[in-house]
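**Student:** Predicted coordinates and the sequence they were generated for:
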Amino acid sequence: MSQRLTLALEGGGLALPAEGRIAVLYPGAEADLGVLPRDRVVVVQPNYPDHAALKARWTCAVDLPEGPLAAALVIVPRAKALAHDLVARACAAPLVIVDGAKTDGVDALLKEIRTRVTIQGPVVKAHGKLFWFTPSPGAFDDWRAPTPAPVDGFLTAPGSFSADGIDPASKLLGDTLPVELGRRVADLGAGWGYLSSRVLERAKVERVDLVEADNAALACARANLPDPRAHFHWADARDWAADSRVDTVVMNPPFHTGRAADTGLGRAFIQAAARLLGPSGQLWMVANRHLPYESTLTQCFAEVREAAGDTRFKVHHATRPRRRA
């Protein structure tokens, strides 16, 4: 992205306004925005790990700031509905810049936008494109994400995991959970709250900590779970710390970073679960059957078994967490 933005600004025809705030929507932690004026940039990033990394270098927010903007730069996300919503929201600024990788659908987005407004650019470099336009009033109003409507009885967020309904792996885990889970449960990577809703079916559970990195998904979880036993944490589950040991951890951990498979995420979630649990604590975890988590589970827990499964998924039950020296 930095190469395309630099080329556009240095002879490519893109000129930033001399004054006013510039919003940068949804850059990743690794994004190089150094060519932009630091004192005028507001980075909008609702994903906690990316937000925390970017906050060390930029002014950050979880949503578009109130007040006028001079320009908005949209980094194209993978989810088409989210990309449409970001472009529509960026049109609050008089200059909209769009940058994305081919693998994230920037070509298709460019074609769609070109039917509505006049495009300038594009700058093509490093397997991606950057282009910009002056928005016309109302041209993208229909791209705004609608007010969330319940899906399978739950509110979900565009671009979030399982936005179209209950994830089948999570449902398998929810159906497998035993009656006794202890008084305190942590849901790591809680999303919009499905697994926690199943945990809260148990009257003996006194507290559920929902730990989720996606701010929009967590907002849906708050709406979905008005139960006073539910406590919500915008945080990275890999290093979140509870104020006391928990009895049970439930989770359906992510295994992708962008489009690339990354089983290291799941392994880090398992290690976090072992750290959070008390000596007699238990982990209930669901994963795609092909994912090789068994070695990490046996490193972190004394007893591990497959409690349920089918051709696609497996439910791991692990007990007696091992304490690291």
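**Tutor:** Nice, thanks for sending it over.

**Student:** quick one: the strands in the stretch 101-250 of the chain?
**Tutor:** 120-125, 128-133, 184-188, 207-212, 230-234, 246-251 (DSSP state E, counting those that start in this stretch).

**Student:** what does the fourth one rub up against?
**Tutor:** With C-beta atoms under 8 Å, 6 or more residues apart in numbering as the contact definition, strand 207-212 has outside contacts at 183-191, 193, 196, 199-200, 218, 221, 225, 227, 229-235, 237, 240, 242, 246. Quick note: C-beta positions are derived from backbone N, CA and C, even for glycine.

**Student:** Please apply the same query to the fifth one.
**Tutor:** The contact list for strand 230-234 (C-beta under 8 Å, 6+ apart) reads 48, 193, 196, 200, 207-213, 215, 218, 221-222, 240.

**Student:** Tell me the gap between that strand and the middle of its chain.
**Tutor:** Computed by C-alpha atoms, centre = their mean, to the nearest Å, the chain-centroid distance of strand 230-234 equals 15 Å.

**Student:** Show me what that strand pairs with in its sheet, parallel or antiparallel.
**Tutor:** Within its sheet, and counting by DSSP bridges, strand 230-234 is paired with strand 207-212 (parallel).

**Student:** cool, and the third one?
**Tutor:** Paired strands of strand 184-188, with direction, are strand 207-212 (parallel), strand 246-251 (parallel) (DSSP bridges).

**Student:** any chance of the strands of the stretch 101-250 of the chain in CSV, plus distance to V98, mean neighbour count and mean pLDDT?
**Tutor:** Shown next, in CSV, are the strands of the stretch 101-250 of the chain (distance: least, C-beta to C-beta, whole Å; neighbours: other C-beta atoms under 10 Å; pLDDT from 0 to 100):
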stretch, distance to V98, mean neighbour count, mean pLDDT
strand 120-125, 9, 18, 96
strand 128-133, 6, 22, 98
strand 184-188, 34, 27, 98
strand 207-212, 28, 25, 98
strand 230-234, 27, 19, 98
strand 246-251, 35, 25, 98
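
**Student:** Out of those, which is closest to T176?
**Tutor:** strand 246-251 (10.1 Å; C-beta to C-beta).

**Student:** So what's the gap between the closest one and the chain middle?
**Tutor:** 21 Å.

**Student:** Could you do stretch 149-168 as well?
**Tutor:** With C-alpha atoms, centre = their mean, you get 13 Å for stretch 149-168.

**Student:** how long is that stretch end to end?
**Tutor:** 20 Å (C-alpha to C-alpha, to the nearest Å).

**Student:** Can you pull out the residues in contact with it?
**Tutor:** For stretch 149-168, using C-beta under 8 Å, 6+ apart, the contacting residues are 77-79, 81-82, 85, 145, 148, 170, 191-194, 197, 214, 216-217, 219-220, 223-224, 252, 254, 312-313.

**Student:** low pLDDT regions in the chain?
**Tutor:** 256-262, 324-325 (pLDDT under 70).

**Student:** So if we follow the domain assignment, how does it break up?
**Tutor:** Domains of the chain are assigned by automatic domain parsing as 2-143, 168-321.

**Student:** Can you tell me the SS state at the nearest residue to A92 once chain neighbours are set aside?
**Tutor:** Counting by C-beta to C-beta, 6 or more residues apart in numbering, A92 lies nearest to L69, which is 6.0 Å off, once chain neighbours are set aside. Using DSSP: H, G, I helix; E, B strand; the rest coil, the structure places L69 in coil.

**Student:** quick one, phi/psi of L69?
**Tutor:** Torsion angles at L69 (phi, psi; degrees, to the nearest 10) stand at phi -120, psi 150.

**Student:** Contacts only, for it.
**Tutor:** Applying C-beta under 8 Å, 6+ apart, the residues near L69 are 20-23, 92-93.

**Student:** Equivalent analysis for I270, please.
**Tutor:** By C-beta under 8 Å, 6+ apart, the neighbours of I270 are 253, 283, 285, 293, 296-297, 300, 318.

**Student:** any idea how far P94 is from the closest residue to R4 other than its chain neighbours?
**Tutor:** Nearest residue to R4 in three dimensions, chain neighbours excluded: L130, at 3.9 Å (C-beta to C-beta, 6+ apart). L130 sits at a distance of 18 Å from P94 (criterion: C-beta to C-beta, to the nearest Å).

**Student:** before we move on, what about A139?
**Tutor:** From A139 to P94 the distance is 13 Å (C-beta to C-beta).

**Student:** Now the domains of the chain in JSON lines, please, with extra columns for distance to D152.
**Tutor:** Below are these laid out as JSON lines (distance: least, C-beta to C-beta, whole Å):
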{"stretch": "domain 2-143", "distance to D152": "17"}
{"stretch": "domain 168-321", "distance to D152": "9"}
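
**Student:** beta partners for the residue most central in space within the chain?
**Tutor:** With distances taken as C-alpha atoms, centre = their mean, the residue of the chain nearest its centroid is D214 (3.9 Å). Taking DSSP bridges as the rule, D214 bridges to N47.
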